[in-house]
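**Q** Pasting the sequence and the predicted coordinates here, then a few questions.
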Amino acid sequence: MASTYTSNIRLELQADGENPNNWGTILNQNVIDLIDEAITSYTTVALTGANVTLTAINGTTDQSRSPFLEFTGGLTEDVNVIIPAVPKSYYINNKATQASAGTDITVKTASGDGVNIPVGSRIAVVCDGVSVFSAINPNAFGFGTAASANIGTGNTDVPDVSIADARYSQLAAANTFTNTNSFTSTTTFTQVDSPIVTLTDAASVAVNFNTGNHFLVSLAGNRTLENPTNGKVGQVGHIYIVQDGTGNRTLSYGDMYNFPSGTAPVLTSVSGSVDLLVFSQRATSVLDAVIIKDFKVPA
């Protein structure tokens, strides 16, 4: 009876009584050496602009038995690298270059789905016998699927993650959050920069709390500070109120504003003076506020 071969990594299985004078040599070369190859070998595959099917040969060395694959060459178009449709994992180092912009590599089986391997990336993949998948499930690390915030600016390899789902994120030195984000665990910020939003001076001054927490308005006449829009309960901040060169401008307030003892404050009247209205939104239609008056350099 002739030898047969294992289905996944093609090791030789000698039949009973076969190869009486060289059985040990075949065992060493066609089984033990190939197991060593399947565990530790590092194989380089040169690519150009054509699809490549990795060699898969029974009982002798081949490309697809190797667990570590390095791709090289200049890609002139997208390339499929075809692996055997058997259960196996690979760690892929894509060191190819893009001779034509936008070209990439996909590792797949002949008839199944595959995984895109961008140029310059190192990715672990698994074949289940039909298709090829990434070996890492991002959900297992709490990254979630809703990419609502881009975490980090220093490392472009960091994926988009959902703030609601992220269990751990390392933030770069400067990060901008453009949407509403909630942190459900302890999060430490060493410095928070909240820009001052300049309000448009008008008879009725509009304030949109969705644009920030800190504001400034220069009064060129007697004005009314409208009730803010898009506020959140618990939102805090302040509004700088600056008198123009004429001075003596007055400010009245929408009915959301609550002041100590129910008395609306009177602004500092001197031209160029600066008062600071500090606010905290206590309820949907309640904004507690106090004015700190007349900021200036000590005499």
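**A** Structure's in. What do you need?

**Q** per the record, what domains does the chain have?
**A** For the chain, the domain assignment from automatic domain parsing gives the residue ranges 4-134, 137-189, 196-292.

**Q** could you dump the ones you listed to JSON lines with mean neighbour count?
**A** For glycine as for every other residue, the C-beta is placed from the backbone atoms N, C-alpha and C. JSON lines is the format used below for the domains of the chain (neighbours: other Cβ atoms under 10 Å):
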{"stretch": "domain 4-134", "mean neighbour count": "16"}
{"stretch": "domain 137-189", "mean neighbour count": "12"}
{"stretch": "domain 196-292", "mean neighbour count": "15"}
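
**Q** Can you give me the distance of residue 46 to residue 74?
**A** Using Cβ to Cβ, to the nearest Å, one gets 10 Å for the distance from residue 46 to residue 74.

**Q** rewinding a little: among the domains of the chain, which is nearest residue 298?
**A** Ranking the domains of the chain by distance to residue 298, with Cβ to Cβ as the measure, places domain 196-292 first at 14.2 Å.

**Q** low-scoring pLDDT stretches of the stretch 51-200 of the chain, where are they?
**A** 100-101, 137-182 (pLDDT under 70).

**Q** Skipping adjacent residues, who's closest to residue 201 in space?
**A** Distance criterion Cβ to Cβ, 6 or more residues apart in numbering; nearest residue to residue 201, sequence neighbours excluded, is residue 220 at 5.3 Å.

**Q** list the contacts for the one you found?
**A** Residues in contact with residue 220, defined by Cβ atoms under 8 Å, 6 or more residues apart in numbering, are 201, 244, 246, 249.

**Q** What are the boundaries of the strands in the stretch 151-299 of the chain?
**A** Using DSSP state E, counting those that start in this stretch, the strands of the stretch 151-299 of the chain run over residues 196-198, 204-205, 214-219, 223-225, 236-243, 251-253, 257-258, 274-283, 286-292.

**Q** Using PDB, write out the CA atom coordinates for the third one.
**A** Okay, so that is strand 214-219. What follows is strand 214-219, C-alpha atoms only, in PDB (Å, rounded to 0.1, in the frame of the first residue of the first chain):
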ATOM      1  CA  HIS A 214     -16.900  79.000  27.200                       C
ATOM      2  CA  PHE A 215     -18.100  82.000  25.400                       C
ATOM      3  CA  LEU A 216     -17.400  85.700  24.800                       C
ATOM      4  CA  VAL A 217     -19.700  88.500  23.700                       C
ATOM      5  CA  SER A 218     -18.800  92.200  23.100                       C
ATOM      6  CA  LEU A 219     -21.800  94.500  23.600                       C
END
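
**Q** Give me the helices and strands touching that strand, please.
**A** strand 196-198, strand 236-243 (3 or more Cβ pairs under 8 Å, 6 or more residues apart in numbering; DSSP states H and E).

**Q** Save the ones you listed as CSV, and put in distance to residue 34 too.
**A** Below are those laid out as CSV (distance: least, Cβ to Cβ, whole Å):
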stretch, distance to residue 34
strand 196-198, 68
strand 236-243, 68
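
**Q** Out of these, flag the one nearest residue 209.
**A** strand 236-243 (7.7 Å).

**Q** which helices and strands does the closest one pack with?
**A** strand 214-219, strand 274-283.

**Q** Work out the gap between the first one and the centre of the chain.
**A** Relative to the mean C-alpha coordinate of its chain, strand 214-219 is positioned 35 Å out (Cα atoms, centre = their mean, to the nearest Å).

**Q** Can you name the two of the contacts of residue 220 that sit furthest apart?
**A** So, these by Cβ to Cβ: farthest apart are 201 and 246, at 12.7 Å.

**Q** Now distance to residue 69 too, for the helices and strands packed on strand 236-243, in a markdown table please.
**A** A markdown table is the format used below for these (distance: least, Cβ to Cβ, whole Å):
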| stretch | distance to residue 69 |
| --- | --- |
| strand 214-219 | 54 |
| strand 274-283 | 57 |
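
**Q** returning to that earlier point: return the distance of the residue nearest to residue 201 relative to residue 296.
**A** 20 Å.

**Q** go on, residue 218?
**A** 16 Å.

**Q** Residue 255 too?
**A** 31 Å.

**Q** what does residue 256 give?
**A** Residue 256 is 29 Å from residue 296, by Cβ to Cβ.

**Q** three-state assignment of the closest residue to residue 37 other than its chain neighbours?
**A** In space, not counting the residues next to it along the chain, residue 37 is nearest to residue 65; the distance is 5.5 Å by Cβ to Cβ, 6+ apart. Taken by DSSP: H, G, I helix; E, B strand; the rest coil, the conformation at residue 65 corresponds to coil.

**Q** show me what contacts residue 65?
**A** Taking Cβ under 8 Å, 6+ apart, one finds 9, 10, 34, 37, 38, 41, 56 in contact with residue 65.
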